[in-house]
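S.K.: give me a model of this one.
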Amino acid sequence: MSAGVATDVHGAAIQGRRQEQQDSFRSVWLAAEKAWLLVVADGMGGHAAGGTASRLAADAFVASFTAHRAAGNALAASFQSALDEANARIARGQADDPDTEGMGTTLVAAHLSPEGLTWVSVGDSPLWLVHGGSIERVNEDHSLRPAVAKGAKAIANMLQSVLNGQPVAMVDLKSRPRRLRNGEFIILASDGLLTLKEGDIARVAGGAAATGAAATARALLTEVENRQKSNQDNCAVVVAVPPPNSASAAAGFIRSRTVGIAALILLVVIAGVSVWRLS
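M.R.: Prediction:
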């Protein structure tokens, strides 16, 4: 936990019913920017060394992004360079170990600063904003789920874009900060969390958020486990709960002072009336 843009950040994962954990997540406090870098990578299930791919991509992305930001590069350039390095690192891994040929991963990375939220993503790992009982996915889904939802005959979780050492087909990069509303918080996840419907995610996360990011992450993963899905995928989540908006906090302080003063005046008036009646 660090003071500044987010009072609480926590990541956690479960293996589900899979033979190995292929999800990776990272959370890095960028002190010079007073910002968080949050990353989730989901190794391609059924492919060689998915866990290796997600780990290599997450580590390479973090190292490249932090170096570019330290050098003063803009967010868009830093995101793109980090993504390119993550993809290149997978290609080098395949060259070094032929047994990993075909490995790949999704990746979603969020930068949360005092200016707001920016992100880059490849694949289907979601980034949500949650506020009260509402939830909004803000990054693109590069699987066929959107097409299937519209009636297309296809395998819903088939990916159209991944990091696999080859040219990346689709990238969602948003470098213009999106400001968060007071009380709004962030969830990054692998698609294992999609065992839950978005409404369930909003309900569970919204109910736990007041007790912190760790409790929120645990609540979401416990809800997934409670579904007892026979083929449950790996599931990783990173939760970031921002502090109250300073303007709202100031307004709340002013309101509380106003109510206190009004109550004091009322007590003085009541006391005065009582004295007058006794005299």
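
S.K.: got the CA coordinates for stretch 13-30 in PDB?
M.R.: Coordinates of each C-alpha in stretch 13-30 appear next as PDB, following Å, rounded to 0.1, in the frame of the first residue of the first chain:
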ATOM      1  CA  ALA A  13      -5.000 -16.000  -8.000                       C
ATOM      2  CA  ILE A  14      -6.500 -19.500  -7.900                       C
ATOM      3  CA  GLN A  15      -5.500 -22.500 -10.000                       C
ATOM      4  CA  GLY A  16      -9.100 -23.700 -10.500                       C
ATOM      5  CA  ARG A  17      -9.400 -27.200 -12.000                       C
ATOM      6  CA  ARG A  18      -6.300 -26.800 -14.300                       C
ATOM      7  CA  GLN A  19      -3.100 -28.800 -13.900                       C
ATOM      8  CA  GLU A  20      -1.000 -25.700 -13.600                       C
ATOM      9  CA  GLN A  21      -1.200 -22.000 -12.900                       C
ATOM     10  CA  GLN A  22      -0.800 -20.100 -16.200                       C
ATOM     11  CA  ASP A  23      -1.900 -16.600 -15.000                       C
ATOM     12  CA  SER A  24       0.600 -14.000 -13.800                       C
ATOM     13  CA  PHE A  25      -0.100 -10.600 -12.200                       C
ATOM     14  CA  ARG A  26       2.000  -7.600 -11.100                       C
ATOM     15  CA  SER A  27       1.400  -4.400  -9.200                       C
ATOM     16  CA  VAL A  28       4.200  -1.800  -9.100                       C
ATOM     17  CA  TRP A  29       4.100   1.500  -7.300                       C
ATOM     18  CA  LEU A  30       5.800   4.200  -9.400                       C
END
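
S.K.: buried residues in that stretch?
M.R.: Neighbour-count burial for stretch 13-30, counted by 16 or more other Cβ atoms under 10 Å, picks out 13-14, 16, 18, 21-27, 29-30. Backbone N, C-alpha and C define where each C-beta goes, glycine included.

S.K.: same check, this time on stretch 80-89
M.R.: In stretch 80-89, counting by 16+ other Cβ under 10 Å, buried: 80, 81, 82, 83, 84, 85, 86, 87, 89.

S.K.: one more: stretch 131-148?
M.R.: Per 16+ other Cβ under 10 Å, stretch 131-148 contains these buried residues: 131, 135, 138, 139, 140, 141, 142, 143, 144, 145.

S.K.: about what we covered before: closest one to residue 210 out of the buried residues of stretch 13-30, please.
M.R.: residue 27 (20.3 Å; Cβ to Cβ).

S.K.: using the three-state scheme, assign the closest one.
M.R.: Of the three states, residue 27 takes strand under DSSP: H, G, I helix; E, B strand; the rest coil.

S.K.: that one contacts residue 236, correct?
M.R.: No - the pair residue 27 / residue 236 is not scored as a contact, 11.4 Å apart, by Cβ atoms under 8 Å.

S.K.: circling back: widest-spaced pair of the buried residues of stretch 131-148?
M.R.: Spanning the widest gap among those are 131 and 144, at 28.7 Å by Cβ to Cβ.

S.K.: if we can go back for a sec, which neighbours do residue 27 and residue 236 share?
M.R.: Counting by Cβ atoms under 8 Å, 6 or more residues apart in numbering, the contacts common to residue 27 and residue 236 are residue 11.

S.K.: with respect to residue 218, which of the buried residues of stretch 13-30 is nearest?
M.R.: residue 14 (10.1 Å).
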